[in-house]
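Asker: Pasting the sequence and the predicted model now:
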Amino acid sequence: MTDKTTLDEFQEKSDESGAESNRSTSTQTSVESSPCPCYSEERNSSDWREARKEYDLYDPGCGHAISYLCRVTNTKIKKGSAILYSSKLRLFIEYLHSEDICFSELDIDSIERFMMDLAHKNCSESTLGTYRTVISNVVKHISLFRSVDCNVGREMIYEVIDPSDYNTATEVERTPLTEKEAEKLFAELDSFRDGLIVQMGIELGPRSYDLRTIELDDVDLDNREIKLKNTKGDDTYTLPIGSGLALRLRHWLDSERAGNPRAEDSPYLFPSPEDGHLSAGRLNIIIRDAAAAAGIQEVVGTVPITDRQKDWLGTEKSERRFYRVTAHTLRHTFSDLLDDAGMDLSERSAALNHKSTDVTKESYTHRKEEYKETMKELFSNISIS
């Protein structure tokens, strides 16, 4: 099996640095000198503090964008969407400010230059489409709720900016780990914690964020079950824990976890030594480096980094590399193992907590306990650690 993943322009600064901290508590020097006249006021508002805490958002560096994010989070937007929107806005506004343009002064030419820049950096058509959506949403928000007349309207953006018009990147194909590759990866992990995280990623298949934010109360070792979040679907689901994984979790909870200086006060299964939960950047570095040491890593794509981006990211690298083996590869591997075990598409969709229109409610319900029993048998017999 293979899974296709599109290239984005470059990873966020917090991910590249590997700092184990939440976005809501990190310092972001790139937006301290924002030219937006309403930035300081909106940034210090209680609504924004609450939204950042609940949704773990990036600071976009613009008061209008903050106001928009506060409003959409009040409508209970899915957490994954809120994080994505804040990330895209942060990068777009960084671009605008480099051109001495505020969001309320936006014009169609500046949006087109930004889109051309993204295409030049090998971004995909779907990435450009996401930017168009969030940019036009903020423009609409400004015109409706901010008492400011923008130079461009939402309708004009959709009429003029067509992602298919740009020479965008093609999708790159990523493959899951084979069982032998998984064994090699485990052999190169430096700590009990790192091995446990990777094992959970392969045997449970959560997305990176959902894996890193598992809380202590989510783990039920008595019944050998774990509650997982689905950030994209804004819900939770329960999966069985294999016998080997249950033993390692017990050891982690009884012995190893206590060695983390933040463990006593943290609700997270994998607390950060700094504060909050393990960061995406740190987890990807752990997996990427172990895969390289195991001889199973490869570069599947690159994106150029501009001089301004070098300053922002604090790097001298001329390009961002996309690797085959990342945290998300664990989820692909989980799906592939289920496929090899004979699970059909509807069962795998249920185990991955996908909401698919192709799978009827009747079929999903009928197979619910069936796929859990298959998982128990599979991961109690397979040896990947």
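Answerer: Everything's here; your move. Residues are numbered from 1 along each chain as shown.
Asker: List the buried residues for the host helix or strand of Leu283?
Answerer: Leu283 belongs to helix 280-294 when assigned by DSSP states H and E. In terms of neighbour count (16 or more other CB atoms under 10 Å), helix 280-294 has its buried residues at Ala280, Gly281, Arg282, Leu283, Asn284, Ile285, Ile286, Ile287, Arg288, Ala290, Ala291, Ala294. Backbone N, C-alpha and C define where each C-beta goes, glycine included.
Asker: Could I get those in TSV, plus columns for pLDDT?
Answerer: Formatted as TSV, the buried residues of helix 280-294 follow (pLDDT from 0 to 100):
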residue	pLDDT
Ala280	81
Gly281	81
Arg282	87
Leu283	90
Asn284	88
Ile285	91
Ile286	94
Ile287	95
Arg288	92
Ala290	96
Ala291	96
Ala294	96
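Asker: and the protein, what are its domains?
Answerer: With domains defined by automatic domain parsing, the chain comprises 34-171, 175-381.
Asker: for the first one, what is the average pLDDT?
Answerer: The one in question is domain 34-171. Mean pLDDT, domain 34-171: 88.
Asker: can you pull the contacts of the residue nearest to Asp218 when sequence neighbours are not counted?
Answerer: The shortest distance from Asp218 to any non-neighbouring residue, by CB to CB, 6 or more residues apart in numbering, is to Lys227 (4.2 Å). Contacts for Lys227 (CB atoms under 8 Å, 6 or more residues apart in numbering) come out as Asp218, Val219, Asp220, Thr236, Tyr237, Thr238.
Asker: try Gly129
Answerer: Pro163.
Asker: For the most centrally placed residue in the chain, give its distance to Lys78.
Answerer: Note on the chain: the residue nearest the mean C-alpha position is Tyr209, at 5.7 Å, using CA atoms, centre = their mean. Per CB to CB, to the nearest Å, Tyr209 is found 12 Å from Lys78.
Asker: do Leu57 as well
Answerer: Relative to Lys78, and taking CB to CB, Leu57 is found at 13 Å.
Asker: ok, those two, which is more surrounded?
Answerer: Leu57 (25 against 15; other CB atoms under 10 Å).
Asker: which non-adjacent residue is nearest that one?
Answerer: Ser86 (4.1 Å).
Asker: Identify the residues contacting that neighbour.
Answerer: Tyr55, Leu57, Tyr58, Asp59, Pro60, Leu69.
Asker: which of those are buried?
Answerer: Buried among the contacts of Ser86 by 16+ other CB under 10 Å: Tyr55, Leu57, Tyr58, Asp59, Pro60, Leu69.
Asker: Show me where this protein has its strands.
Answerer: Using DSSP state E, the strands of the chain run over residues 3-5, 172-174, 219-220, 225-230, 235-240, 299-304, 319-323.
Asker: so which of the ones you listed gets nearest Leu247?
Answerer: strand 219-220 (13.1 Å; CB to CB).
Asker: how far out from the middle of the chain is that closest one?
Answerer: Offset of strand 219-220 from its chain centre (CA atoms, centre = their mean, to the nearest Å): 24 Å.
Asker: That one pairs with which strands?
Answerer: As defined by DSSP bridges, the strand partners of strand 219-220 come to strand 225-230 (antiparallel).
Asker: Mind listing what's buried along the strand it pairs with?
Answerer: Neighbour-count burial for strand 225-230 flags Ile226, Leu228, Lys229, Asn230 (criterion: 16+ other CB under 10 Å).
Asker: try stretch 147-165
Answerer: Buried, per 16+ other CB under 10 Å, within stretch 147-165: Cys150, Val152, Arg154, Met156, Ile157, Ile161, Pro163.
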